[in-house]
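Trainee: build the 3D model from these lines:
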Amino acid sequence: MMVLSLCQKLCADKIPVKISRPRLGDGSDGEVFEIDNQPDKVIKFCIDYESFDININVHYKQDIVPILDYLVASPIQAYARVYSHSYMGIYEREFLSSPNGKQKFVLYYYIMEKLYKISEDESKVFHSILSHEDHGIVKDYPLRKIEKMLTELSRGLDFDAKKVTLFCENLKSPPVVHLDIHPRNIMKDHSGSFKLIDFDRCLLGVL
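Mentor: Model (predicted):
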């Protein structure tokens, strides 16, 4: 995923900060980089493609912007802190499967707190108690069951059960609901508290 290269080619004037390389992480929807002279923050450059049943302009304005606006205005303990975000434009690329041979995509960014990777043991814990990856099954265990599972997992894995439990408790508090919970989308801050990233797969519920 070369989102930064696209941004530099199509809308370089809209990049708000000086980027430090190499990139910290990437995925299907974007790339994350450190920011020069801002060691506690990172910037994520995001891309979202139009599909046959999704108007990308409507999707961006109605689904993505409200989530980012909310996280900026009302930080949530279980989510990475978002400081700002901005639209960078809608563009097109060659796409043979489209009726007109083109596909629209939107570029945008958000600046958030710098987080750190979880350990292999912590990843195994979250895969067991929260991950949505198992054949599309969403795990929504009650806290009592999670605490019991953590007791069993602690016999072979190294993790902070209290912080895992607190993270799970915070996830059960709306209004933001993450639709793609798995270990790759969970990181931790400098104090070891766990937080979710990747906000393009979230829903804003009832306030």
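
Trainee: per the record, what domains does this protein have?
Mentor: Following automatic domain parsing, one gets these domains for the chain: 3-114, 117-204.

Trainee: host element of Ser123?
Mentor: Assessed by DSSP states H and E, Ser123 sits inside helix 120-129.

Trainee: distance from that helix to the middle of the chain?
Mentor: When C-alpha coordinates are averaged (C-alpha atoms, centre = their mean, to the nearest Å), helix 120-129 and its chain have centres 18 Å apart.

Trainee: that one: which residues count as buried?
Mentor: Within helix 120-129, the residues that qualify as buried are 122-126, 128-129, counting by 16 or more other C-beta atoms under 10 Å. C-beta coordinates here come from the backbone N, C-alpha and C atoms, glycine included.

Trainee: show the model's pLDDT score for the residue nearest to Pro183 when sequence neighbours are not counted.
Mentor: With sequence-adjacent residues excluded and distances taken as C-beta to C-beta, 6 or more residues apart in numbering, Pro183 is closest to Ser123, at 4.0 Å. Ser123 is assigned a pLDDT of 96 by the prediction.

Trainee: quick one: Ser123 from Ile129, how far?
Mentor: Per C-beta to C-beta, to the nearest Å, Ser123 is found 11 Å from Ile129.

Trainee: ok, now Glu50?
Mentor: Per C-beta to C-beta, Glu50 is found 35 Å from Ile129.

Trainee: ranges for the helices of the chain?
Mentor: All helices of the chain, identified by DSSP state H, fall at 3-10, 56-59, 65-73, 120-129, 143-153, 161-171.

Trainee: turn the ones you listed into TSV, columns for distance to Asp26.
Mentor: Formatted as TSV, those follow (distance: least, C-beta to C-beta, whole Å):
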stretch	distance to Asp26
helix 3-10	8
helix 56-59	20
helix 65-73	19
helix 120-129	18
helix 143-153	29
helix 161-171	24
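
Trainee: pick the most buried one from those helices.
Mentor: Compared across the helices of the chain, helix 120-129 shows the largest average neighbour count, a mean of 18 (mean count of other C-beta atoms under 10 Å).

Trainee: now the angle from that one to helix 143-153?
Mentor: 140 degrees (axes from the mean of the first three to the mean of the last three C-alpha atoms, to 10 degrees).

Trainee: what helices and strands are in contact with helix 120-129?
Mentor: Here helix 120-129 touches helix 143-153, helix 161-171, strand 186-188, going by 3 or more C-beta pairs under 8 Å, 6 or more residues apart in numbering; DSSP states H and E.

Trainee: what's the neighbour count on Ser119?
Mentor: Using other C-beta atoms under 10 Å, the number of residues around Ser119 comes to 13.

Trainee: how about Ile197?
Mentor: As a burial measure, Ile197 scores 20 neighbours (other C-beta under 10 Å).

Trainee: so it touches His182, yeah?
Mentor: No. Under the criterion of C-beta atoms under 8 Å, Ile197 is not in contact with His182, lying 11.1 Å apart.
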